[in-house]
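[1] Coordinates for the following, if possible.
(one chain, ligands or ions: 1)
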Amino acid sequence: MSLHLHDVTVTLGRGDSRTTALSGLDATFSPGALTALVGPSGSGKSTLLAVAGALLRPDEGRVLLNGTDLAALTDRERARARRERIGYVFQSGNLLTGLTAEEQLLAAASLTGRRPRTLRARIRELLTEVGLEHRLAHRPDQLSGGERQRIALARALLLEPELLLVDEPTAAVDRTRAHDLTALIARATHDRACVTVVATHDPVVTAAADTTVDMQTHPTPTPA
Ligand SMILES: Nc1ncnc2c1ncn2[C@@H]1O[C@H](COP(=O)(O)OP(=O)(O)OP(=O)(O)O)[C@@H](O)[C@H]1O
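    Below is the predicted model of the structure:
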């Protein structure tokens, strides 16, 4: 399993706000390695995650997930890849309104055909690992921003993706929790040899990462 971005260009916005967010980007991400994606605000980290996560189709270039070019798939195939192969943890958490923390994970797992009975123990274990064992029955509107994102991380880890993409996992938590979450992500990456890319400004994450990709070494976003 590996992720290669070849000559990827992404243009965002229209008219005066049109911006080349990524320009001819080449990057390789290895299995079993936690990669910290660093660079100043606006350097294209979230854009890279969106392209790698098959949420955004590049204007040009190839996005090879273990040899499959995500950019060349149909919308339906891309949706399937997102569901079955990719775990994407947004800063917002992107949870389903009205479901408790535990139900968020059960719902995600049921989409992949797993039996709820065998899942509950694993779900509780993961919610404990992200420090939310006391929030199992809380719905998104009863949780803080950092807590919502931690549920999203637990949900992604439950599904054991080949590719794990995480946007700023430690931005809304205290330092102790930042260390714990980073260790959890690193452990999952190493244990299952998945490709993990974490966009971050946090030295706690960069210190624990196996490797770093610096967006500053790539061309800065410019008006298109
Ligand atoms: N919808 C959009 N229309 C036009 N330009 C956009 C749009 N979204 C993002 N951009 C621009 O694209 C560039 C890359 O943005 P991106 O969000 O990928 O940066 P980032 O490195 O993730 O930043 P941050 O660290 O602040 O999250 C920025 O210059 C941004 O202003």
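
[2] got the CA positions of the helix ranked longest in the chain in PDB?
    The single longest helix within the chain, with elements called by DSSP state H, is helix 175-192. Output in PDB follows, covering the C-alpha atoms of helix 175-192 (Å, rounded to 0.1, in the frame of the first residue of the first chain):
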ATOM      1  CA  ARG A 175      -1.200  19.100  25.400                       C
ATOM      2  CA  THR A 176      -1.600  15.900  27.300                       C
ATOM      3  CA  ARG A 177      -4.400  14.900  25.000                       C
ATOM      4  CA  ALA A 178      -2.400  16.000  22.000                       C
ATOM      5  CA  HIS A 179       0.300  13.500  23.000                       C
ATOM      6  CA  ASP A 180      -2.200  10.700  23.500                       C
ATOM      7  CA  LEU A 181      -4.000  11.200  20.200                       C
ATOM      8  CA  THR A 182      -0.700  11.400  18.300                       C
ATOM      9  CA  ALA A 183       0.400   8.200  19.900                       C
ATOM     10  CA  LEU A 184      -2.900   6.500  19.000                       C
ATOM     11  CA  ILE A 185      -2.600   7.600  15.400                       C
ATOM     12  CA  ALA A 186       1.100   6.500  15.200                       C
ATOM     13  CA  ARG A 187       0.200   3.100  16.800                       C
ATOM     14  CA  ALA A 188      -2.700   2.400  14.400                       C
ATOM     15  CA  THR A 189      -0.400   3.400  11.500                       C
ATOM     16  CA  HIS A 190       2.400   1.100  12.500                       C
ATOM     17  CA  ASP A 191       0.200  -1.800  13.600                       C
ATOM     18  CA  ARG A 192      -1.700  -2.000  10.400                       C
END
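
[3] On the three-state scheme, Leu56 is what?
    coil (DSSP: H, G, I helix; E, B strand; the rest coil).

[4] for Val204, that is, sorry about that
    Of the three states, Val204 takes helix under three-state DSSP.

[5] What is the burial count for the residue nearest to it when sequence neighbours are not counted?
    Computed as Cβ to Cβ, 6 or more residues apart in numbering, the closest residue to Val204 that is not its neighbour in sequence is Ala178, at 4.6 Å. (Each C-beta comes from the backbone N, C-alpha and C, glycine too.) When counting by other Cβ atoms under 10 Å, one arrives at 21 neighbours for Ala178.

[6] which ones are touching Ala178?
    170, 202, 204-205 (Cβ atoms under 8 Å, 6 or more residues apart in numbering).

[7] Chain neighbours aside, what residue packs nearest to whatever residue of the chain ends up closest to the ligand?
    Proximity to the ligand, evaluated over the chain using Cβ to the nearest ligand atom, is greatest for Gly13 at 2.6 Å. Leaving aside its chain neighbours, Gly13 sits nearest to Thr19 (5.5 Å; criterion: Cβ to Cβ, 6+ apart).

[8] Next up, phi/psi of that neighbour, please.
    Main-chain torsions, Thr19, degrees, to the nearest 10: phi -140, psi 140.
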